[in-house]
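Trainee: Build the 3D model from these lines:
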Amino acid sequence: MSVSLKSKGSISTAVITGGHYFDVPGFHTMMRNLEGIDAYIQDMENFVADVGKVRESYDVILFYSMHKQTPNPKTAEILEQILSTGQGVFLLHHALLAYRDWEFWSQLVRIENRNDHDYFHDEKIRLNVTGTEHPVTQGLERWTMIDETYTLPEPTDCEVLLTVDHHRSMAAMAWTHQFRSASVFCFPCGHDNQTYVDPNFQRVIAQGIKWCAGR
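Mentor: Residues are numbered from 1 along each chain as shown. So this is what the prediction gives:
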């Protein structure tokens, strides 16, 4: 018998990992402390297997995974189906770099060429709020934090909510778009616990999940 994911109005969120290392205690602690959000952290294999028969019951699918090879046909079919279920999709940090040669994922990220880039650890970045009226950035003002940066090309056909002006980073730091029936939020930040503990980062995560869920 499957377990119900509906709990007192909380947003049930599948958090998909795999293909890249991360600070497990730091990340789990951050996700557990997000008010009103029930995070079910799992690797891609468990998400695809869906032993509990709950995959389509999650309100939001948050990807914190970075598998490099184009997925096998079964996994690809399941990932594409998410875009027709009405579930929200959140792409966090290195998930933007997953499946670099898969056209579907590039459309999801809104960046066509994701092979030509560099990355830099422990960069001090100042984030500017450009989408001041958007629910994801509600209550935020310019802030500074330490994080890994990417020099990816800029996203297209999207609404940019946060930007940085840094010589070792792309300019867009958060953007949203609608893809098929899904509300999609992309957030390149979030490498390690230096970033996880930042209250503004946590606010973007929480409000991003809520926006993806239509709350």
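
Trainee: only C-alpha atoms for contact and neighbour calcs from this point on.
Mentor: Noted.

Trainee: quick one: the helices in this structure?
Mentor: Along the chain, counting by DSSP state H, helices occupy 24-32, 44-49, 73-81, 103-109, 193-196, 199-212.

Trainee: CA atoms only: put the shortest one into CSV for me.
Mentor: Extracted C-alpha coordinates of helix 193-196, given in CSV (Å, rounded to 0.1, in the frame of the first residue of the first chain):
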residue,chain,number,x,y,z
ASN,A,193,27.2,24.4,2.9
GLN,A,194,28.7,27.9,2.5
THR,A,195,25.6,28.6,0.3
TYR,A,196,23.1,26.3,2.0
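
Trainee: Which elements pack onto that helix?
Mentor: Applying 3 or more C-alpha pairs under 8 Å, 6 or more residues apart in numbering; DSSP states H and E, one finds that helix 193-196 makes contact with helix 24-32, strand 143-150.

Trainee: wait, doesn't residue 100 sit right on residue 94?
Mentor: No: under the criterion of C-alpha atoms under 8 Å, residue 100 makes no contact with residue 94, lying 11.2 Å away.

Trainee: Now stretch 137-156: buried residues?
Mentor: Along stretch 137-156, the positions that meet the burial threshold by neighbour count (16 or more other C-alpha atoms under 10 Å) are 137, 140, 145, 146, 147, 148, 149, 150, 151, 152, 153, 155.

Trainee: Other residues contacting that stretch?
Mentor: 109-111, 113-114, 116-129, 131-132, 161, 168-172, 188-192, 194-195, 198, 200, 204, 207 (C-alpha atoms under 8 Å, 6 or more residues apart in numbering).

Trainee: now stretch 96-108
Mentor: Contacts of stretch 96-108 with the rest of the structure, by C-alpha under 8 Å, 6+ apart, involve 65-71, 80, 109, 112-115, 179, 184, 186, 188.

Trainee: hang on, the earlier thing: could you export the helices and strands packed on helix 193-196 as CSV, including mean pLDDT?
Mentor: Formatted as CSV, the entries for the helices and strands packed on helix 193-196 read as follows, by pLDDT from 0 to 100:
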stretch, mean pLDDT
helix 24-32, 98
strand 143-150, 98
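
Trainee: Dump the ones you listed into TSV; add distance to residue 52 as well.
Mentor: As requested, the helices and strands packed on helix 193-196 are exported to TSV (distance: least, C-alpha to C-alpha, whole Å):
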stretch	distance to residue 52
helix 24-32	21
strand 143-150	35
